[in-house]
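Undergrad: Got a predicted structure here, sequence first:
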Amino acid sequence: MSGWDELDRFLLTDPRDVGCDEAIRLLHVYADVVLAHGRDHAVARYPGIAAHFLACGPCREDLEGLLLAAGG
C-alpha cells in the first residue's frame, strides 16, 4: 500500500468511528444487542461502533467470531 492509499483510507474514515479501543471495550455489549434485537438496532443504538466495524477488518472479525460463538 502506498502512502497515498493510506491517506485516502484515512480521509474516508467515518468521523463517528470510535476506534479500536472503544469498539473492543463494548464488543460484548454490541454483540448482545445484535443477538437480541438485530443488526439494524445495534447500528442505530451504537453508530460509532458500527462505523468502526465497517472500517476495521480485525475488529469486525472479532465481532463475527463472538456472534458465531454465541450462536448468532
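TA: On my side now, so go ahead. Numbering: from 1, shown residues only.

Undergrad: For the rest of this, base every contact and every neighbour count on C-alpha atoms.
TA: Will do.

Undergrad: and the longest helix for the chain?
TA: For the chain, the helix with the greatest residue count under DSSP state H is helix 57-69.

Undergrad: Distance from that helix to the middle of the chain?
TA: Here helix 57-69 shows a centroid-to-chain-centroid distance of 9 Å under the convention C-alpha atoms, centre = their mean, to the nearest Å.

Undergrad: okay, it in CSV with CA atoms only?
TA: Coordinates of each C-alpha in helix 57-69 appear next as CSV, following Å, rounded to 0.1, in the frame of the first residue of the first chain:
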residue,chain,number,x,y,z
GLY,A,57,-11.4,-5.7,9.5
PRO,A,58,-9.8,-7.2,12.6
CYS,A,59,-12.4,-5.7,14.9
ARG,A,60,-15.2,-6.9,12.6
GLU,A,61,-13.7,-10.4,12.6
ASP,A,62,-13.7,-10.3,16.4
LEU,A,63,-17.4,-9.3,16.4
GLU,A,64,-18.3,-12.0,13.9
GLY,A,65,-16.4,-14.6,15.9
LEU,A,66,-18.2,-13.6,19.1
LEU,A,67,-21.6,-13.7,17.3
LEU,A,68,-20.8,-17.1,15.9
ALA,A,69,-19.6,-18.5,19.2
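
Undergrad: can you pull out the helices in the chain?
TA: For the chain, the helices defined by DSSP H cover 3-11, 20-25, 27-37, 39-45, 47-55, 57-69.

Undergrad: which of those sits most buried?
TA: Burial of the helices of the chain is given as mean neighbour count (mean count of other C-alpha atoms under 10 Å); helix 47-55 ranks first at a mean of 19.

Undergrad: Skipping its backbone neighbours, what lies nearest residue 49 in space?
TA: Distances taken as C-alpha to C-alpha, 6 or more residues apart in numbering place residue 23 nearest to residue 49, at 5.5 Å, with adjacent residues excluded.
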